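Trainee: pasting the structure only:
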């Protein structure tokens, strides 16, 4: 089974966690795109969605799914999103699609986070995937030095030869060389660094369930 087919499989399986009559939180990325396509088959049974990115908003609206402002919604029953890495506790690294800040906001607004991913994303220790960190540009050099003191190498993510600009108007640092053995403590520490908007470790907003696409079908992990 191809990776694309695995993504479609978990995207379809995630429909079981959408509560009819309630607004659903929708993440960002190639796996979530498959979920959005599946969600369109039941769009008449939900009032709409809260989206974590401009790209997902456009995709939802193109399929006729209303997108609501997060400030107009008190709480979401479920948030469905992918991950770049997930461990056996449901802690994740996210932000490969540069939407980590809005993803974390929607995750915090939701009662339950359902992660959809293929089996290659399940790891023993977070850190092999370059850790995305959204930063205010004037803090870039200092945040790079702080990661260097941890043994990490932080590089500015580029697009067309220039620093990528997020939906929030900020930049992304991708950090390699880290082993994140205590995700909760790591997230708490880095979030306090001046100039860091969001670190891509999702430990305080971890997954409750992971639908993992495997060659044998969808495997459900509960945390």
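Mentor: Great, that's in hand. Keep in mind it's a predicted model, so treat the numbers as computed, not measured.
Trainee: any idea how far residue 5 lies from residue 218?
Mentor: Distance from residue 5 to residue 218, counting by C-beta to C-beta, to the nearest Å: 12 Å. Quick note: C-beta positions are derived from backbone N, CA and C, even for glycine.
Trainee: Other residues contacting stretch 4-12?
Mentor: Here stretch 4-12 makes contact (C-beta atoms under 8 Å, 6 or more residues apart in numbering) with 1, 30-38, 116-119, 211-214, 217-218.
Trainee: Would you mark the buried spots in it?
Mentor: 6-12 (16 or more other C-beta atoms under 10 Å).
Trainee: secondary structure class for the nearest residue to residue 45 once chain neighbours are set aside?
Mentor: Leaving aside its sequence neighbours, residue 45 sits nearest to residue 20 (C-beta to C-beta, 6 or more residues apart in numbering; 4.4 Å). At residue 20 the chain is in coil, as set by DSSP: H, G, I helix; E, B strand; the rest coil.
Trainee: Now do the same contact list for residue 20.
Mentor: Contacts of residue 20 by C-beta under 8 Å, 6+ apart are 42, 45-46.
Trainee: which of those tops the neighbour count?
Mentor: Counting neighbours by other C-beta atoms under 10 Å, residue 46 comes out on top of the contacts of residue 20 with 17 neighbours.
Trainee: Let me know the pLDDT of the most far-flung residue of the chain relative to its centre.
Mentor: Most distant from the centre of the chain: residue 149, at 26.5 Å, with distances by C-alpha atoms, centre = their mean. pLDDT, residue 149: 98.
Trainee: Look up how far residue 177 lies from it.
Mentor: Between residue 149 and residue 177 the distance is 12 Å, computed by C-beta to C-beta.
Trainee: swap in residue 15?
Mentor: On the measure of C-beta to C-beta, residue 15 and residue 177 end up 39 Å apart.
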